[in-house]
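[1] Got a sequence here, can you build the structure:
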Amino acid sequence: MKRALFLILLIRIGCVPLFSQQNVSSGEFFSILDTCSNAVVLDVRIYEEFVKDRIPGAVYAGEKEVLLDLVKDFEKDIPLLIYCGYGERSETVMKILKKRGFTNLFHLKNGYEEWRKEGFPVDYSPIEDESN
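    Residues are numbered from 1 along each chain as shown. A predicted model of the protein is given here:
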């Protein structure tokens with residue numbers, strides 16, 4: 001029931017509540033991604049995993065310095081969808097971002113592995129090496 005109300009609220013107000021920090025399922029994560037045109041998806045796995053495959057539109061944020069540099073100019077209420085391989089690292093990242101004042105944080109509670117197993121979209125396109 002709580003999850004149904006969450007999704008109805010997303011649709012009713014056009015994106016996300018004014019203040020939300022949620023551990024969400026793959027389906028809910030997909031719904032937010034699909035509904036919120038300004039949402040940013042943060043992949044906090046190691047770089048080698050990110051390069052191999054990722055959630056479409058995700059940006060690499062797997063190192064604290066990279067993460068903080070990436071979000072430094074973001075509005076504090078922008079929806080941030082955070083994931084890692086199994087859900088532990090992204091939960092830690094959500095706490096870091098909360099301490100920095102971000103208010104709309106969504107953690108993929110069982111991580112990217114569950115996302116893939118459940119058949120949600122995966123981006124296998126090659127990533128160019130940024131060191132060139």
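
[2] can you map out the strands along this protein?
    Residue ranges of the strands in the chain, as given by DSSP state E, are 20-24, 40-43, 59-60, 80-83, 104-108.

[3] Relative to Glu128, which of the ones you listed is closest?
    Comparing these against Glu128 with C-beta to C-beta, the closest turns out to be strand 59-60 (12.2 Å). The C-beta positions use only the backbone N, C-alpha and C, and glycine is treated the same way.

[4] So in that sheet, which strands flank that closest one, and in what orientation?
    The strands that strand 59-60 pairs with in its sheet are strand 40-43 (parallel) (by DSSP bridges).

[5] Show me the contact partners of the strand it pairs with.
    Contacts to strand 40-43, defined as C-beta atoms under 8 Å, 6 or more residues apart in numbering, come from residues 33, 50, 54-55, 57-62, 67, 70, 74, 78-84, 90, 93, 112.

[6] which one of the strands of the chain has the lowest average pLDDT?
    For those, the weakest mean pLDDT is recorded on strand 20-24, namely a mean of 81.

[7] what bits of this protein have low per-residue confidence?
    Residues of the chain that meet the criterion pLDDT under 70 lie in 1-20, 129-132.
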